[in-house]
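Peer 1: Need a 3D model of the following:
(2 chains)
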Amino acid sequence: MSFEIPDELHYQDSHEWVRVDDGTATIGISDFAQDELGDIVFVELPSEGDDLDAGSDFGVVESIKAVSDVYAPISGSVTAVNEDLLDEPELVNEDPYGDGWMLKVDLADEGELDDLLDAEEYEAQLA
Amino acid sequence: MIYDQASYRDDSDELYEPLLVEKASKEVAVEDGPLPDDLTRDTLEMPELSEPELARHYTRLSQMNYGVENGPFPLGSCTMKYNPKYIDQVAGLDDAAVHPDRSEGSVQGVLDVMATVQDYLASIGGMDEVTLQPPAGAAGEFTGIAIARAYHRANDDERSEVIIPDSAHGTNFATAAMAGFDVVELPSGEDGRVHLEALEEAVCDDTAALMLTNPNTLGLFERDIEQIADVVHDAGGLVYYDGANLNALLGQARPGDMGFDIMHFNLHKTFAVPHGGGGPGAGPVGVVEDLAEFLPDPHARETDDGDYELYEPAQSIGKVHGYHGNWLNSLRGFAYIARLGGDGLADTSEKAVLNANYLATQVDLEIPYGPFHHEFVASAGDLDAADFAKRMLDYGVHPPTTKWPELVPEALMTEPTETESIETLDALATAFDNVLAEDEATLASAPNRTTAGHIDQASAARNPRLSWHALEDGEE
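Peer 2: Reported below is the predicted structural model:
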């Protein structure tokens, strides 16, 4: 099975993605991750204003198969949370790179992006 | 009578007397009360049913259910065995129904049974002391790991890590985390067992304990268990035994002899306390002598005079439960062990192991490991294990545990227990093989012959209906 892995995103080996746009990083989980988890039934996210440390867990994704922590790929302060996921967690399954986004974060250190995988490297990891 | 309270009945000062106060009653008009209007009402709807209607209602509910008294219940790792009826008769004796605030002098029989069960379990597990306090298996784990923490602290040796194999029960990870430790996950070897090299790599000065079950969740005996214990002990850590799979070892081998320092027992798995249904369990914890002073408060013991008393161990971790643990479950365990005796317990584990291995030979599914102890893990292969299990319900049997342990793809973890006959095991094998021969679509729509049909789990979890009001709303 092949999974969607958009070229312009950065990936973490624990299957989170980051899209950087003008100093703001949007974070979600990959198509592979949502498929592996199966039907997602609950998403727990931090609050606006919370500070994230790269590599530490920032929330929980619960599917009918498993409950998993999700990890911050980069550090920074949370500026927005996708409230829609509280009522419609299935958005993560349906559109993991779009409507299923989880957080927007003020990117603290752009250099951290260099530690993440690009699409090609992430795809190689899945193979 | 299993114990004698008669001799204390004359001693009226010792008896607990409930304080009966006749409450003064007065009438308050609804409109004068403090409740907001939307929470008050003038009429009260009472169910108006005749006795036969009520009897039929509950009988119908019981027929919609499936339990170990309907047929086999091979839920792996859970040990859903049939519990003989005399156990309930013993637990139902009037003399067992004592108020927990009764004075020690008036419940000597109860304390005698408690001390005796402590000794029975210590002897079965090869431990020196056993507490009956923890009310469940996970509570036992937490108590055990809290004891490990207290022991290290008493030695001015603050340790931060607990090592747990990847095949362990999920509760082990939760226990270690709740007790404030960092979890170090130990990968299993190719054969599904703990490998010494991996363990040696994982232990360090921060290792507080290793948590292990043996046989492990794949039903495999950890052959290097003594060396495993040595590696952890050499690093100054303790070795914890998860008693979930003790049913395989009764009367055959003892965790204490394998080098374990702390263990819990599940009276609701191994010792005839009903399991499931949300009722109270019991998770007694056994420890070696050096750890006995850390046991929870209170602990029962026989005094030099031959009486029984409760006391607080010198460096007790404190309370883990109110009063005396789940006393009636301790009594059930007592009744079970006392009737079976050592030979009977050994026979129990032999039959549990025989039944698991026999069933494994009768099932056509791929079974990647073996031979086994009390349970085996089959793989549903290309089929979805959850669908497979649901289809088994249509054949009138309870399915095994699904999708766990993850070491086996689409796992069907099967524990028939010692209480099933060969005819029942054959019927169970037929159910497995019938489902295996069916197509995916049939499985995906199952079950069809049960009271509740195929359930959309994702919708159920996303939009839970938690009361009958929700049912009414759903019909709109």
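Peer 1: Now the phi/psi pair for A:G38, please.
Peer 2: When read as degrees, to the nearest 10, the backbone of A:G38 gives phi 80, psi -160.
Peer 1: residues touching it, list them.
Peer 2: A:S63, A:I64, A:K65 (CB atoms under 8 Å, 6 or more residues apart in numbering or on different chains). Placement of C-beta: from N, CA and C, glycine included.
Peer 1: Could you report the neighbour count for the closest residue to the second one other than its chain neighbours?
Peer 2: Across the structure, with CB to CB, 6 or more residues apart in numbering or on different chains as the measure, the residue nearest A:I64 apart from its sequence neighbours is B:Q457 (4.6 Å). The criterion is other CB atoms under 10 Å in any protein chain shown. On that basis, B:Q457 has 15 neighbouring residues.
Peer 1: ok, B:Q457 touching A:D39?
Peer 2: Yes. At 7.2 Å, B:Q457 and A:D39 qualify as touching, with contact defined as CB atoms under 8 Å.
Peer 1: before we move on, what SS does the most centrally placed residue in chain A have?
Peer 2: In chain A, the centroid-proximal residue (CA atoms, centre = their mean) is A:G28; its distance is 2.2 Å. The three-state label given to A:G28 by DSSP: H, G, I helix; E, B strand; the rest coil is strand.
Peer 1: isn't there a strand covering A:A25?
Peer 2: Yes. Checked against three-state DSSP, A:A25 lies within a strand.
Peer 1: Pull the contacting residues for it.
Peer 2: Each residue near A:A25 by CB under 8 Å, 6+ apart is listed here: A:V18, A:R19, A:I74, A:G76, A:K104, A:V105, A:D106, A:L107.
Peer 1: Switch those residues over to CSV; also include secondary structure and distance to B:G381.
Peer 2: Formatted as CSV, the contacts of A:A25 follow (DSSP: H, G, I helix; E, B strand; the rest coil; distance: CB to CB, whole Å):
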residue, secondary structure, distance to B:G381
A:V18, strand, 37
A:R19, strand, 39
A:I74, coil, 40
A:G76, strand, 45
A:K104, strand, 43
A:V105, strand, 42
A:D106, strand, 48
A:L107, strand, 46
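Peer 1: which bits of the stretch 301-450 of chain B sit near chain A?
Peer 2: Contact residues (CB under 8 Å from any CB of the partner chain) of the stretch 301-450 of chain B with chain A: B:K403.
Peer 1: So which residues of the stretch 301-450 of chain B form helices?
Peer 2: For the stretch 301-450 of chain B, applying DSSP state H, counting those that start in this stretch gives helices covering B:327-362, B:385-394, B:422-436, B:440-445.
Peer 1: Let me know which of these is tucked in deepest.
Peer 2: Of all those, helix B:385-394 carries the top mean neighbour count, a mean of 22, counting by mean count of other CB atoms under 10 Å in any protein chain shown.
Peer 1: what packs against that one?
Peer 2: strand B:401-402, strand B:411-414, helix B:422-436, helix B:440-445 (3 or more CB pairs under 8 Å, 6 or more residues apart in numbering or on different chains; DSSP states H and E).
Peer 1: Return the residues in contact with B:H152.
Peer 2: B:H152 sits next to B:E158, B:R159, B:A208 when contact means CB under 8 Å, 6+ apart.
Peer 1: any chance of those residues in a markdown table, plus distance to B:A441 and pLDDT?
Peer 2: Putting the contacts of B:H152 into a markdown table (distance: CB to CB, whole Å; pLDDT from 0 to 100) gives the following:
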| residue | distance to B:A441 | pLDDT |
| --- | --- | --- |
| B:E158 | 58 | 95 |
| B:R159 | 54 | 97 |
| B:A208 | 51 | 98 |
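Peer 1: quick one, what contacts B:D297?
Peer 2: B:D297 neighbours (CB under 8 Å, 6+ apart): B:E312, B:P313, B:S316, B:G318, B:K319.
Peer 1: secondary structure element for B:P52?
Peer 2: B:P52 belongs to helix B:51-64 when elements are defined using DSSP states H and E.
Peer 1: about what we covered before: quick one: which of the contacts of A:A25 is nearest to B:T402?
Peer 2: Within the contacts of A:A25, the smallest distance to B:T402 is 34.8 Å, found for A:V18 (CB to CB).
Peer 1: phi, psi of the residue lying closest to the closest one once chain neighbours are set aside?
Peer 2: Nearest residue to A:V18, sequence neighbours excluded (CB to CB, 6+ apart): A:H10, at 4.5 Å. Backbone torsions for A:H10, taken as degrees, to the nearest 10, come to phi -100, psi 150.
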